[in-house]
Structures are given as C-alpha cells and as structure tokens.
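Asks: only geometry, no sequence info:
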C-alpha cells in the first residue's frame, strides 16, 4: 500500500540512513517526533557550504563572506514564506525551539510580568514550554496557571476560557502535543487570549513538519520551531515574532552582530532581526534548513499530512486489535503520533525489544512528565511518523509488539 498523494518509495530513496540494517534487520525509523532524518539534499547542502562557501557572515567584504551571507539571509526569506510572516525582520534565528521560548520568556516576560500577572500553559506542554515560564514567574512574582486536558487528550477549552483573565499576560501553548498528537484549536485559543489582552506564544516544533502554518491567519504573537524536526540540521531553529513586539523587547544576549555602536558609556542595538542574534551563528544550520524547506515544499505539506494521517489511521486500527495495549491520546484532530503502553511491560523493555527487531521508537516520559502524571504512568512508548514512513513500517512495529508480548510472557 502507498499513498496516492505522495510517492513514498521515491521519498525513502532520498534518505540515505534508511538504507541500513539494525541488528540484521532493515531500519524502521519511527522516532521523527524526537528528530527527523535528513534527505540527501540537506546533507549535500551542508557539505557544499563547508567545502565551498564557509566564512563568517555580515563581517567580511571578501567573496566567501559575501557568498555565506547571501546563502544565510536567503533562508530567512524561505522561512518567511513557509510561515507566511509579513516580513523577514520578524524571523529570528535561534538554536531551536527551546532557545526561542527562553528568549521570549527572558525578554518579553522580563519586561511584562510582575506580581499579580499570570502566565497560562497547558498540561500537555513539553518541558521546554513549562520550565522557562516557571523561571520567569519566579523572577517576576507572576503566577503560572495550568489548563488541563481531558482523558482523550483534548484540551479543556471551557477551562481555558474560564482561566483567562485580565491578569493573563502570556499564553504559551503547543500547536501539536509531542506525546498525544493532539492538534490544538489555535485560532480560537489565540482569539480568546487576545480578548483579555494577553500575547500568545505557540510551540510549533511538532506542527511545522506536518501541516501548513500561517502565522498571520493564526494571529499568534510568537511562533517557534526547530530545523531538525523539519528534516534539517540539529542546533538551529526559528522564532517568529510580530515586529511591534520584537521592537519593544530588550535583547537577550549581548555580543557581536547585535549592535550598531558600542561605547563604554552606551551601546546602540542593531535593527531587527539582528538585535536578537548575538555572536557567530550556526550558518550551516541555516543553509540546511533552507534545503529542507525546499525539499518539503516540493512534496507539499498537504500531501505529507494526508499520507501521515493515513499511516496513523492504519496504526490505530492495528492497535485496537492488540490485547493489553492502551493508547494515550485519542483526540479526533490528531497528528501522526501513537503513544501507548503494554500491560505489565515497561516502556523501556518494549523499546529494547523493538530495537532488536530493527524498529526505532521513543520510550520514556518524552519531556512531558505532567502528561505521564495525568495518566498515572511512568513512561510510554511513542511511535511518531514522518513523510518517509510506509505501511510496511507500521506492520513491522506491530510485529515487534507481538514479539515483545511473546518474550515477556514466556
């Protein structure tokens, strides 16, 4: 079986890592939620940059620096198009989603939180969208409030609306839960937050690789994602922010490139987006992200999403037929993530057996301990799908689950 909308065989051929065997079996990679694999065009783009164009950006008049700068800044245009941002000055280069959230917490948060103000997060957040806000609240005296979700993984919107108040300054919410796969109703949530005067930061790490994101249509104030989940390099990511907010925010880090003029008496900061980009950046990461955006855009995010949804439906149908298997996260609007546990078998044991069957999954708390606490479990097994996965991969997963049950019940 293959998707009519996406030539999966052709896609798979583009990913060199999928050609290997693990423990004598063909690799089945079902851990894209942690980090997606890289197509040859991304690997080659990074290699070409280092072999031909490497130099520091913005600082040299020589040819290599000019070429590196041109390549580096061209990616900002691609990101702007990908997110439908209004202007490139709203695209800030960071080291990843975690850095983007910390930047907002330590700049916008530092300037706008005080005793009596509130920050809303949800129970399904990744730790990277919890801990920075805890720190910001501790420093400012603000209060962190947590919106719960229902047992099927759907956010409690009634509670969300009730918890919003005139004291709410920031709402920080994931677009797609990394553990449950829930796709949150961002347009409605952002509108409700704006109604009480709050700004909204969206953690889009799990969304950008799997769906079309339009920050202007969403009307979000900040949006963050990581290159490595979008088939690009590790150590690079994006913060989108509305220009008016970014202009008013103080810089987070000081150093080269984020300044116009430095005097001991006073320093003048650079224009956007460079005000938030101190020091030598991860130039190769930007180049790789640009190649990844071209690759994904060439196949179409709509086609990718449809293919992954078909895989998820196929996997959920198989899961429902396995005795002793419980799925966590059954929201109707859900991305291609299957989190589960096998009765009486620890998630790490399941992951280990699956690895010996050549199947790579994630086993643990997935940097979402509050989600584990909600369900009263220490860990789950998570299979997360990417554009290169096919129905054979799903079959291999469930053959490995059957093998696990046989071994552990023997």
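Replies: Now that the structure is in, tell me what you want to look at. Fair warning: this is a prediction, and the values are worked out from it, not measured in the lab. Residues are numbered from 1 along each chain as shown.
Asks: What distance do you get for the closest residue to residue 195 other than its chain neighbours to residue 188?
Replies: Excluding its sequence neighbours, the residue lying closest to residue 195 (C-beta to C-beta, 6 or more residues apart in numbering) is residue 164, at 7.7 Å. Backbone N, C-alpha and C define where each C-beta goes, glycine included. Taking C-beta to C-beta, to the nearest Å as the measure, residue 164 and residue 188 are separated by 12 Å.
Asks: So between those two, which is more surrounded?
Replies: Under the neighbour definition other C-beta atoms under 10 Å, residue 164 and residue 188 were set side by side, and residue 164 has more, 22 against 12.
Asks: ok, now how distant is the more buried one from residue 171?
Replies: If you measure residue 164 against residue 171 using C-beta to C-beta, the figure is 8 Å.
Asks: list residues touching both of those two?
Replies: Common neighbours of residue 164 and residue 171, using C-beta atoms under 8 Å, 6 or more residues apart in numbering, are 120, 193, 198.
Asks: Just give the number of residues close to residue 319.
Replies: When counting by other C-beta under 10 Å, one arrives at 18 neighbours for residue 319.
Asks: so who does it touch?
Replies: Taking C-beta under 8 Å, 6+ apart, we find residue 319 in contact with 325, 327, 338, 340, 398.
Asks: Let me know the closest of those residues to residue 272.
Replies: residue 338 (40.4 Å; C-beta to C-beta).
Asks: next one: phi and psi at the closest one?
Replies: phi -120, psi 100 (degrees, to the nearest 10).
Asks: what about the residue nearest to residue 362 when sequence neighbours are not counted, which SS state?
Replies: For residue 362, the nearest residue in space outside its immediate sequence neighbours is residue 382; the separation is 4.5 Å by C-beta to C-beta, 6+ apart. Classification of residue 382 into helix, strand or coil gives strand, according to DSSP: H, G, I helix; E, B strand; the rest coil.
Asks: surely residue 382 meets residue 337?
Replies: Yes. Using C-beta atoms under 8 Å, residue 382 and residue 337 qualify as a contacting pair, with a distance of 6.4 Å.
Asks: Mutual contacts of the two, please.
Replies: With contacts defined as C-beta under 8 Å, 6+ apart, the residues shared by residue 382 and residue 337 are 33, 179.
Asks: Helix, strand, or coil at the nearest residue to residue 193 once chain neighbours are set aside?
Replies: With C-beta to C-beta, 6+ apart as the measure, residue 171 is the residue that lies nearest to residue 193, at 4.4 Å, once sequence neighbours are left out. With three-state DSSP as the basis, the three-state label of residue 171 is strand.
Asks: in the stretch 251-400 of the chain, which spans are strands?
Replies: 259-262, 267-269, 325-328, 337-342, 359-360, 362-364, 380-384 (DSSP state E, counting those that start in this stretch).
Asks: thinking again about what came up before, format the contacts of residue 319 as TSV; extra columns: pLDDT and distance to residue 349.
Replies: Written out in TSV, the entries for the contacts of residue 319 read as follows (pLDDT from 0 to 100; distance: C-beta to C-beta, whole Å):
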residue	pLDDT	distance to residue 349
325	98	14
327	98	18
338	98	18
340	98	14
398	98	17
